Structures are given as structure tokens and as C-alpha cells.
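> From the sequence below, what's the structure:
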Amino acid sequence: MKLGMKTKLATAVLSLVLAVALILQGTGLFGTSFGASKVYADESFGEKAYEYMKKMSQEYTFRISTTEANADCRAWLKKLVSGWGYKVSTCEFAADSTHGWGPFSGESLIFDKKGQSDYMLLICAHYDGAWSPACDDNGSGVGVLLENAERVAKMDLPYSVRFALFDGEEPGCLGSTAYAASLSQEEMDRIVCVINLDSVAAGDNLMIYSGNYHADTNTFTEMWPLSSMMELADEYDVKLSIHPEVNGQWPTPTKMTGSDHAAFAAAGKPYIYFEASNWMGGDWDNMYQTDSPLVEKGKIMHNEPYDNIEFLEANFKDRIQKHLKEVSQLVYATMIGHLNIPKEAFKEIVKPTTQAPTEEETTQAPSEIPTTQAPEPMTVSEPTKETVTPEAPTVEETSSDVNTETTEAETSTEAETTEAETTTEAETTTEAETTTAEVTTAEETTTAAETTTVEETTTESEKMKDEGGINWIGILIAVVILLLVGFLIFLFALSMIQERRAQNRRDKK
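Numbering: from 1, shown residues only. Here you go, the predicted structure:
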């Protein structure tokens, strides 16, 4: 009997411990939600990125654009991503290398994760290589992108995320340039920030580049991604380095050229460019990645003896794992709403002209607006406007050119016609003024609605951040379990008391 009571007590204690553990882990065990105060502790950041990088280095070596290895890698990537539920589209290009290497062609892969807002983050990495197995440059960036695309495939995110696996980066960012040129103004406006992942594993320091530099005025714009990401890195104990002021081509902390974010930076988009490098070599640029004596001139990228998984794993494995983990963690934190995006980053999305009145349509002269009914802003079209041509000769002008002499009857008829036209013109003017007022009111309403939408989107994102993204469902389930365990403990205690009393009665007898 005593053994039975001890067993019950042990079961109750273990159940209580389990319930407490569930409460502590409540933000992650019963579902995934954005904006948690910390990235989930049970996430193995960087591990899958490492495996993807390794596979690309071993199975798709020398994957230069237009080669068979490049095409095979693209087919594998497309199959892999499609298996996670993404719909993959392609953007083809054919262009001459900006480095004078000759003509190239290829395909970039684009796939979207729809979020609660139409505003989106563009996360990109190039999968082509140059004269090597291309493990670090850029199997590492592709690995981080793939790991996080798989991680959020079934999650609910505050913003939409567009993933881009660009081809043709090594010949001169051909794929990303072609893709940026293919975007409509509306799609470009949706991009809040571009995050570029290029050679993020093997270099000595984890670098961050950001900010648009304007040489004509010696000023910087779009600096918020840098400060926001540095704050996020501090929160997760990640050290990010900024390159020294040693090269006038790239003023600190920018690097607007040299990788796939360049076309978007040229269009004025905010960007964050992650890279592992050193910058302190003789050439004073990011091509000097390490001061290790194992790497001649410090350059790993584009070098067959160094940029392969066998060499890097043998000599820099701990560093590579650390960098992949840190970059993957920061990218994920950004996607779930941790990056502090200011309100001014949510610029108004310019809709196609067929969906809203143009400035010319809302300011046209009253006589140009049809008088049969007040036009709605969404239906005013150019053909309607062109039906009235102010410069066209009137009937009266044509008559005077053909024959200057008219009869009294014609004069009388003309006078009556003029009087009728005057009356009609007065009515038309009144109706046109009313229509103009209605169009103006509709325009103001539309503008207010668009402004409200932008403000609501921003407010929602701020609210999600303020709430900390706590998974209340998980906590509720944990609390219910705790209450059940407490009830069981009560029953066990009551049972033990009753057994002890029964034992005392037997002893007295």
C-alpha cells in the first residue's frame, strides 16, 4: 500500500513538472506565430543551410550560367521548393557580361510566401558559381534562403516574402538586373526592403552593408535597415561588422554594387547585404575574405582550391556553422516581424492607371466631361475624354468659310440655334460642375481610403510587434493541463489521507 502511494505521488510530481515546462515553452510547442519576443530556442538554425550548401558544392560544381551543371542545379532547386508548396515562376535573361566575359543566358527562380500585408520583403541569393564548386560563393547564401523558405512555408507572417534565386550574378548581376527591370511600378512599390545573401559563411567577419549613397550631394538615404538590423543583432548576441572607410568606391557602410541587390539599390530601394569577409587586405575590398595563411591572398571565392566543401569543412567548419546559424537566425527574425520597419518605409503603392483616375482625368475642363451622367473615378477612360475636341471647327465656322453671304431665313435659324445652344451650354456647364465636384469628392475619398489602408497596415504591424507574438493558444493549453494536474494531485492527496485514516483504524483494532 505504501508503494502505491509513492507511485501516485511521483506521477503527480512528474505531471506538474511537465505542465510547467509546457507553460515555459508555450510560445512554440502548439503552433508557430510571428513576433515572438525571441526566436524559438528549439530551432536548429544553420544546420539545414549547411547541408544545402554542402550538396551544391559536391553535386553541382562549376555551375556557371549556361552550363549543364547550372541547369541541373536549377532543376533541383525548383523541385525542392515546389515540394514545400510554393509555386515557382522563372525570369529568363540573355545578356553580355558586364565584365567582358561574353554572352550569357539563364533563368532566375521566384516564389512567394503570402503574408498578412501586401508589402513584402525580397530575400535573394544567387545560385550560379564561377570557376569552382562555389561552396561559399554562393552555396552558403542559397542554403540560408532555402532553410528559411522551408521554415516559414506553413507559417502566418506579418508581411509577404518574395524569395529570389538569381542566376547570372557572377557575369555581372545579369539575372537580378533583368528581374528588376521586369517589375511593374506597383510591384516595386510593394518591396519594403531587399535582403541579399552572398558568401555568408567562410570569411573572417560577418559583414553588413546598407544605405544608398548619393555622390553628388555626399549624402546617405535609406539608412533605417542598418540601424534596425544592428539592434536586432544585439538582441540575439550576433556581432555584425561594418567595412572600414578605405575605398572611395564604397563609402561606409554602403556597398551598392557588386551583388544582386544592386539593381534595387539603384532604384532607391532599402537593402541589407550580408557577407562574410575581412576587408583589411592589400586591395582594401571584400575580395580579401580571410587573413588565414591557408588561403593565398585571402581570397576564397572563385578559387577552386579553396571554395569547396572539403577544404572549408577541414579548416573553417566552426566558423562556417556559426555564421550560417547567425545569418539564418536574423533572416528568420526579420520575416516574423522583428525588424523595426519605420512608417515612412511603407510608401503608397501605385496602382495601375486603369484602376484609378489619372491627374489629367480629374483636372480636365468641364466641357470635356460627358453630361449624360456623372462618371465614376474607376470608369473614366481616354476614349470618353476624346469624344469632345475643343479645337475642331464649329458648324458656324465651316459655314462662314464656305459662304459669307446668308439669307435672312438662315440668319433667323442660326439665331435660334445659337439661343438653343446657349441654353444647352448653360445646362451642360451646371451638370459638368456638379460632375467635377463629384469626381473631386470621389478622388478625395479614394485618397483617404488609400491613406487609411497604409496607416492600418502599419498600425497592424506595430500592434503585432507590441504584442510580442505570444502564442496564446499554446499557453491556454498549458494552463488547462496545469489545472488538470493540480486536480489530480488533489485527488492523490485525498486518497492518501483516506488510506492513512483507514490504516490507523485497523491499527487501533
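> From here on, just use CA atoms for contacts and neighbour counts.
Will do.
> Could you export the longest strand seen in the chain as PDB, CA atoms only?
Criterion DSSP state E: the longest strand present in the chain is strand 103-113. Coordinates of each C-alpha in strand 103-113 appear next as PDB, following Å, rounded to 0.1, in the frame of the first residue of the first chain:
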ATOM      1  CA  PRO A 103      27.200  36.400 -73.700                       C
ATOM      2  CA  PHE A 104      25.300  34.500 -71.000                       C
ATOM      3  CA  SER A 105      21.700  33.200 -70.600                       C
ATOM      4  CA  GLY A 106      19.900  31.700 -67.700                       C
ATOM      5  CA  GLU A 107      16.800  31.600 -65.500                       C
ATOM      6  CA  SER A 108      16.100  33.000 -62.100                       C
ATOM      7  CA  LEU A 109      13.600  31.300 -59.800                       C
ATOM      8  CA  ILE A 110      11.000  33.400 -58.000                       C
ATOM      9  CA  PHE A 111       8.400  32.200 -55.400                       C
ATOM     10  CA  ASP A 112       6.200  34.000 -52.900                       C
ATOM     11  CA  LYS A 113       5.000  33.400 -49.300                       C
END
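> ok, then the element right after that strand?
Sequence order places strand 120-126 as the next helix or strand after strand 103-113, per DSSP states H and E.
> Let me see the residues that make contact with that following strand.
Strand 120-126 is contacted from outside by 138, 141-142, 145, 159-169, 190-198, 260, 335, using Cα atoms under 8 Å, 6 or more residues apart in numbering.
> List of residues touching the next helix or strand after it?
Next along the chain after strand 120-126, taking DSSP H and E as the criterion, comes helix 141-151. With contact meaning Cα under 8 Å, 6+ apart, helix 141-151 is reached by 46, 48-53, 81, 84, 123-127, 163, 165, 197-200, 324, 327-328, 331-332.
> One more: stretch 216-229?
Contact partners of stretch 216-229, identified using Cα under 8 Å, 6+ apart, comprise 193, 208-214, 269-272, 339-342.
> Among those residues, name the buried ones.
193, 208-213, 269-272, 339-341 (16 or more other Cα atoms under 10 Å).
> want to throw the residues you listed into CSV with pLDDT and distance to residue 311?
Shown next, in CSV, are these (pLDDT from 0 to 100; distance: Cα to Cα, whole Å):
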residue, pLDDT, distance to residue 311
193, 98, 35
208, 98, 25
209, 97, 27
210, 97, 31
211, 95, 34
212, 94, 36
213, 93, 37
269, 96, 37
270, 97, 35
271, 98, 32
272, 98, 29
339, 95, 35
340, 94, 38
341, 94, 40
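> just the residues you listed now: which is nearest residue 114?
Of all those, residue 114 sits closest to residue 193, with 15.7 Å by Cα to Cα.
> Can you pull out the low-pLDDT segments for the chain?
1-43, 352-474, 509 (pLDDT under 70).
> Would you map the helices across it?
2-24, 47-59, 68-82, 141-151, 174-182, 185-190, 224-235, 262-266, 309-335, 359-362, 382-386, 395-402, 408-467, 472-508 (DSSP state H).
> dump the residue contacts of residue 174.
Neighbour list for residue 174: 93, 95, 97, 167-168 [criterion: Cα under 8 Å, 6+ apart].
> can you check residue 57 too?
Residues in contact with residue 57, defined by Cα under 8 Å, 6+ apart, are 133-135, 139, 308-309.
> Residue 176 too?
108, 166-169, 260-261, 263.
> Go through the residues you listed and name the one nearest residue 184.
Of all the contacts of residue 176, residue 263 has the smallest distance to residue 184: 14.1 Å, by Cα to Cα.
> From residue 178, how far out is the closest one?
Distance, residue 263 to residue 178, by Cα to Cα, to the nearest Å: 9 Å.
> ok so, going back, dump the contacts of residue 176 into TSV; add distance to residue 229 and neighbour count as well.
Formatted as TSV, the contacts of residue 176 follow (distance: Cα to Cα, whole Å; neighbours: other Cα atoms under 10 Å):
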residue	distance to residue 229	neighbour count
108	27	24
166	23	29
167	27	32
168	28	31
169	25	24
260	19	32
261	17	29
263	21	21
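> from those, which ones fall inside strands?
Taking DSSP E, the ones among those that sit in strands are 108, 166.
> ok, the contacts of residue 176 vs residue 492, which is closest?
Distance to residue 492, by Cα to Cα, is smallest for residue 166 among these, at 63.2 Å.
> quick one: contacts for that closest one?
With Cα under 8 Å, 6+ apart, residue 166 has these contacts: 107-109, 124-128, 175-176, 260.
> Serialize these to CSV and add fields for distance to residue 151.
Listed next are these as CSV, based on distance: Cα to Cα, whole Å:
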residue, distance to residue 151
107, 25
108, 21
109, 18
124, 16
125, 17
126, 20
127, 20
128, 23
175, 26
176, 24
260, 23
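> PyMOL command for the buried members of the residues you listed?
This is the PyMOL syntax for the buried subset of these, where burial follows 16+ other Cα under 10 Å:
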select buried, resi 107+108+109+124+125+126+127+128+175+176+260
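> nearest to residue 297, of the contacts of residue 166?
residue 128 (23.4 Å).
> quick one, what contacts the closest one?
63-65, 70, 134, 138, 166-170.
> follow-up on the earlier one: which pair in the contacts of stretch 216-229 spans the largest distance?
Taking every pair in those and measuring Cα to Cα, the maximum separation is 25.0 Å, between 214 and 339.
> For stretch 175-184, list every residue counted as buried.
Neighbour counts over stretch 175-184 (16+ other Cα under 10 Å) mark 175-180 as buried.
> sorry, back to before: TSV please, covering the contacts of residue 174 and showing distance to residue 496.
Shown next, in TSV, are the contacts of residue 174 (distance: Cα to Cα, whole Å):
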residue	distance to residue 496
93	78
95	83
97	83
167	71
168	75
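> Nearest to residue 118, out of these: which one, please.
The shortest gap between residue 118 and any of the contacts of residue 174 belongs to residue 167, at 25.8 Å (Cα to Cα).
> what sits against that closest one?
Applying Cα under 8 Å, 6+ apart, the residues near residue 167 are 65, 106-108, 126-128, 173-176.
> quick check, nearest of the contacts of residue 166 to residue 230?
So of those, ranked by how close each gets to residue 230 (Cα to Cα), first place is residue 124, at 19.8 Å.
> so what's that closest one closest to, chain neighbours aside?
Nearest non-adjacent residue to residue 124, counting by Cα to Cα, 6 or more residues apart in numbering: residue 164, 4.6 Å away.
> what's the straight distance from one end of stretch 284-300 to the other?
15 Å.
> and it, which residues are buried?
Within stretch 284-300, the residues that count as buried by 16+ other Cα under 10 Å are 285-291, 297-300.
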